[in-house]
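Asker: Dropping the sequence and predicted coords here.
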Amino acid sequence: MKELLRTNDPTVIAFVTALLTGEDIACFTMDVHMSIFEGSIGVLPRRMMVRRADLFQARAILRDNNVEFEG
């Protein structure tokens, strides 16, 4: 799995998940339960992961939908 993006905005995570699922790209959100350690204030970012084979297409989908990401 490769990191596609990192954000602490839950709406971006939901939007990207919907975009990728609609294109049959499997994705996985890591660090979801870190709020237990941070006190539920949303400071720590979550990572959206995709398979290495899907990374190029997933990045193209994010660019086409104006989702900012590093990489």
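Answerer: It's in.

Asker: biggest helix in this structure, by residue count?
Answerer: For the chain, the longest helix by residue count, based on DSSP state H, is helix 10-22.

Asker: which parts of it are buried?
Answerer: Val12, Ile13, Val16, Leu19, Leu20 (16 or more other Cβ atoms under 10 Å). Where you see a C-beta, it was placed from the backbone N, CA and C, and this is true even at glycine.

Asker: tell me the contacts of the residue lying closest to the last one once chain neighbours are set aside?
Answerer: Right, the one you point to is Leu20. Distances taken as Cβ to Cβ, 6 or more residues apart in numbering put Cys27 closest to Leu20, at 4.6 Å, once the chain neighbours are dropped. Contact analysis of Cys27 by Cβ atoms under 8 Å, 6 or more residues apart in numbering lists Leu4, Val16, Thr17, Leu20, Thr21, Met48, Met49, Val50, Ala58.

Asker: Now Cys27. Its backbone dihedrals?
Answerer: Torsion angles at Cys27 (phi, psi; degrees, to the nearest 10) stand at phi -140, psi 160.

Asker: Which element, helix or strand, includes the residue nearest the centre of the chain?
Answerer: Nearest to the mean C-alpha position of the chain, counting by Cα atoms, centre = their mean, stands Met48 at 2.8 Å. Met48 belongs to strand 46-50 when elements are defined using DSSP states H and E.

Asker: Next: Leu5.
Answerer: Assigned by DSSP H and E, Leu5 falls in strand 2-7.

Asker: ok, that strand: who's next to it in the sheet?
Answerer: Paired strands of strand 2-7, with direction, are strand 46-50 (antiparallel) (DSSP bridges).

Asker: Show me what the partner strand is in contact with.
Answerer: Residues from elsewhere that reach strand 46-50, judged by Cβ under 8 Å, 6+ apart: 1-8, 10, 13, 16-17, 20, 25-32, 34, 58.

Asker: what is Arg6 paired to in the beta sheet?
Answerer: Applying DSSP bridges, one finds that Arg6 bridges with Arg47.
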